[in-house]
Each structure stands twice: as C-alpha cells, then as structure tokens.
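> dropping the sequence and predicted coords here.
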Amino acid sequence: MTATVDRISEFAGRFAGQLLQPNEAGYDEARRLHNGLVDKRPALIARCRGVSDVVAAVNFGREAGLETAIRGGGHNVAGRATVDGGLMIDLSQMKGIYVDPAARTARAQAGTIWAEFNRDTQVHGLATTGGLISSTGVAGLTLGGGLGWLMGKYGLAADNLRSVELVTADGAVLNVSARDHDDLFWALRGGGGNFGVAVSFEFQLHAVGPSVIGGLVAHPFSRAADMLTFFQEQTSQAPDELTMIAGLIHGPDASKLAAIPACHCGSLGDGDAATRELVAFGPPVMSTIGPMPYSEVNAMLDASVPRGALNYWKSTFLEELNADAIRCIIDRYATVPSPMTQIIVEHFHGAVARVPADATAFPHRREGYNLLILGQWLAPSDNDRCIAWVRDTYDALQPFRAAARYVNYLDNDEENGLPAAYGANYKRLRELKTRYDPANFFHLNQNIAPLA
C-alpha cells in the first residue's frame, strides 16, 4: 500500500465511518464476501456511513494511487468487491430505506439486500423486481440488470430504476435519472460498477402480494428429461405474471432432483389457475406451490447458496432449449462432483423481453433461456475437480450456446465475456466510460475499458 501513515491519519479525520486495517478487530469479518473461494486482504477497509464518507474514500483512493474496490452486498461470484493490498470502500453498513406508498417509489442505500428491501416495501403491499435470492445486494444486482421473480410482469430491477445517486471518480455527487445525465442513466442500467459508486437507488414499486402463488415442485432425476420438456412447453405459454425457472439440484438426502421453482405475482385465483398444470404434472415427489408471502418466495432458494461456500460459475444464454440441449444438460449433471452444485435454467419473457435492446445497457431482450452452471462446494481440496467440471460442462454446451452472457454471472476469469454481455451496446458503454472515468479508476469490476 502506497498510502503513508500520515495520509491515512488525515483521511481518518474526515471519515465518519470505520477504518479497518489487517489484524484489527472486525477486519477478517469485514473482508469476507459471500463466495468463500475469494480470500483477499485489503490494506484498508473504509466502512462508510453516508455519502460524504464515500466521497472522502474515493478521493483518498484516487489521490493515494490505490487499487480501489467497491463492496455493496458482497454477493457477486467473481469477488470483485475486494482487493489484495488496496482499498475496499465498503457500503454494507449503508442500509437506509425510504418508501413512499402514495407515489409507489422506494429509495434504498447501496448496502441494502433484497430481504431488507422487501421487508419495508411489503408493509405497504408493494415490491419491485429483486433477485432470485433475497440475500443478494440491491446495488450489484440492479447495476448488472437484475433478474428476479417479478421480471415477467415488471421487467428487470434496472427497468424499474427512477434515479441513482452516484459518486464519480473525481468525487462529484450526481443525481442520475432520465432527466439529468440521461446518458449515464442509460449506462447504469446494466453497465455495472464502471461509472462510479452508486450510493442509493430509487425504484418504481408495484402492487404485489402480500400473498402470491409461489413455491417449487420437485421430480426424481430419472424424470429430468420429461420435466425439462414440460418446463419448455409451459414457459412458451406462460402469462407475464408467472416466472418459472428449472433446476437440476440435490435434495436434503443428497439425491438428485429436477425442480421448477415458480412465482405468480397476480391474483391468487389467477395464480392457482396458472400453476395447476405445474402441480399436477408427474406427479411431483414434492410440491410447495401455494399462497405465501412474496418475501418468502424471494427467500425460498436462499439456503441453496449459503454464505461462505466455495463457488465457481459459468453461464450462457441458449439458442433454444431443445431435446439435444436437454439431454446434454442431464448427461453432464449425472457426473456432478458436489451435491451443492446446480444447473439452473432461467426463462426470459413478458415485460423483460418487450424493452428495446438499446433502451438500456442491458441488451438481452428476446424471449428465451439463460443457463447457469452454479458450481458450489465446501472443501478446498475439491477446488480443482469442481472447477474443472463446471468448465467441462460449459464446453459441452457449446453447440447450444447463444452469443450472449449475463454480466452478473461472469466469474473472475472471464475478461473476454464483456462483448457477449453487452452486444451492440458495448461500443457506447466504452464511449461513456471514456467520458466519465477516463483513467479507469473504477476497474475492479467486470471492466469496461475506456477507449484508447
């Protein structure tokens, strides 16, 4: 670390939050991220209390010439929220949420996770598209686009953004919206953390719940081909209110299962009708489909991705989910080395697919499927074989892969994934990066490099 003791002392004098250095109480807990495979040691962690702390930290990192990482919820699999030997600007303590039920809007600070956001909005029977996992951070999910249970009806998390409070690389604080800095607003809806530190987000809310129809059905792995074929048929005719994903997973007894988690965000009567075939098909060995609070639907898969587990992911959009692709998916999962590893197929339809591809930085707007190979295990001794299995599975799916990737699922070895993540929008993003962060201060992310 190039910052001197005197410089750190001067920084501390204008910082209201907590500064942590190695070997201090709380440092080890503060440096840990959701993915236990990421084990980096920042030279300094700046745990911000408010916007002025973020401004001070950005200025300090820039002036001291430090590699600077930005942590929100800390859930991103690539672990780009931290750094070895540099500065981590930690927003995880910034959890303020303000809901305006009359305007149906909510503003949330960057340390908020979706479980916390839902808790406050659901008091008023309101919600917006959050993650498929409620422990995911609001900031990272939204900046990358933001898939979630409400996307068929209401679009991505980024599609529901009204404004973002942003600290830029030169320490300026901007209120970014469709009215102010509209080009930057375009970039923030999918462009990740490349353009500054997003310290708060204003969202449009919608009437959801408090009870919706949700849950999952599970089938024996021996029926996986039938279930995935049924899933493809059902998703091709699903109403906007019904979002379904399919997964090859393991049950509590470590037996392989094929499952369909689902959420219908309309009326309970409509949801019951829309999921009737889903419940009847098989029949399943387990079904939890029924009325439940939306906040519980958003949390129903949380236990499958525990904090601290070792993770390595690959993902790709599919050209189509046909019989050959289904067989390849099943054949690969038959050899899976860890019972915690999953293959997930996420369906895009409805509102998310009706936005023009160039309307936001997130370009993937056609109806179809995104496939995630979610490698997960506990023992470091299994690292090599589990990572190899994920890579081999991704390679095996090459005949079915589309030239499109979801930026939030890119792991830490996929620098060349950005053209596929942004498609025709990539050039414009690079131009905006050149304008707003020409020195590439914010580069510890899925980095969009400025033009030379």
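Structure received. Numbering: from 1, shown residues only.
> which stretches of this structure have low pLDDT?
1-4 (pLDDT under 70).
> rerun at 50
Residue ranges of the chain with pLDDT under 50: 1.
> show me it divided up by domain.
Here the domain parsing of the chain from automatic domain parsing is 5-90, 97-208, 211-409.
> straight-line length of the longest one, end to end?
Terminal residues of domain 211-409 lie 30 Å apart, using CA to CA, to the nearest Å.
> do the first one as well
Across domain 5-90, the straight-line distance between its terminal residues is 20 Å, by CA to CA.
> quick one: the helices in the stretch 51-200 of the chain, in order.
Ranges of helices in the stretch 51-200 of the chain, per DSSP state H, counting those that start in this stretch, are 51-64, 114-122, 138-143, 151-154, 182-188.
> ok so, going back, deepest in the core, which of the domains of the chain is it.
domain 97-208 (a mean of 22; mean count of other CB atoms under 10 Å). All C-beta spots, glycine's among them, are computed from the backbone N, C-alpha and C.
> what's the offset of it from the middle of its chain?
12 Å (CA atoms, centre = their mean, to the nearest Å).
> end to end on that domain, go ahead and measure it.
With CA to CA applied, domain 97-208 spans 18 Å between its terminal residues.
> neighbouring contacts of the helix or strand containing residue 29?
Counting by DSSP states H and E, the element that carries residue 29 is helix 27-31. The contact list for helix 27-31 (CB atoms under 8 Å, 6 or more residues apart in numbering) reads 20, 21, 40, 41, 42, 45, 47, 82, 88, 90.
> 10 Å instead, please
Here helix 27-31 makes contact (CB atoms under 10 Å, 6 or more residues apart in numbering) with 18, 20-22, 24, 38-42, 44-45, 47, 71, 74, 81-83, 88, 90, 92-93.
> list the neighbouring strands of the helix or strand just after it plus their orientation.
For helix 27-31, the succeeding helix or strand toward the C-terminus, using DSSP H and E, is strand 44-47. Sheet pairing of strand 44-47 (DSSP bridges) gives strand 18-20 (antiparallel), strand 87-90 (parallel).
> which of the helices of the stretch 51-200 of the chain sits closest to residue 273?
helix 151-154 (15.8 Å; CB to CB).
> need the residues that contact the closest one.
By CB under 10 Å, 6+ apart, helix 151-154 touches 127-130, 132, 145, 148, 157, 159-160, 204-206, 208, 235, 238-244, 263-266, 346-353, 367.
> out of these, list just those in helices.
Among the contacts of helix 151-154, DSSP state H puts residue 235 in helices.
> redo the strands paired with strand 44-47 as JSON lines? Include distance to residue 282.
Putting the strands paired with strand 44-47 into JSON lines (distance: least, CB to CB, whole Å) gives the following:
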{"stretch": "strand 18-20", "distance to residue 282": "52"}
{"stretch": "strand 87-90", "distance to residue 282": "46"}
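> and the gap between residue 128 and residue 145?
Distance, residue 128 to residue 145, by CB to CB, to the nearest Å: 14 Å.
> which neighbours do the two share?
155, 156, 157, 159.
> hmm, the first one is touching residue 203, no?
No. Using CB atoms under 10 Å, residue 155 is not in contact with residue 203, being 11.3 Å away.
> closest to the centroid, which residue in the chain?
residue 141 (3.6 Å; CA atoms, centre = their mean).
> now residue 261: which helix or strand?
strand 256-264.
> and after that strand, which helix or strand comes next?
In N-to-C order, the element after strand 256-264 by DSSP H and E is helix 268-274.
> tell me what that next one is packed against?
Judged by 3 or more CB pairs under 10 Å, 6 or more residues apart in numbering; DSSP states H and E, the packing partners of helix 268-274 are strand 211-220, strand 242-250, strand 256-264, strand 290-293.
> residues in contact with that helix: which ones?
Contacts of helix 268-274 (CB under 10 Å, 6+ apart): 209, 211-214, 234, 237-239, 241-242, 244, 262-267, 279, 289-291.
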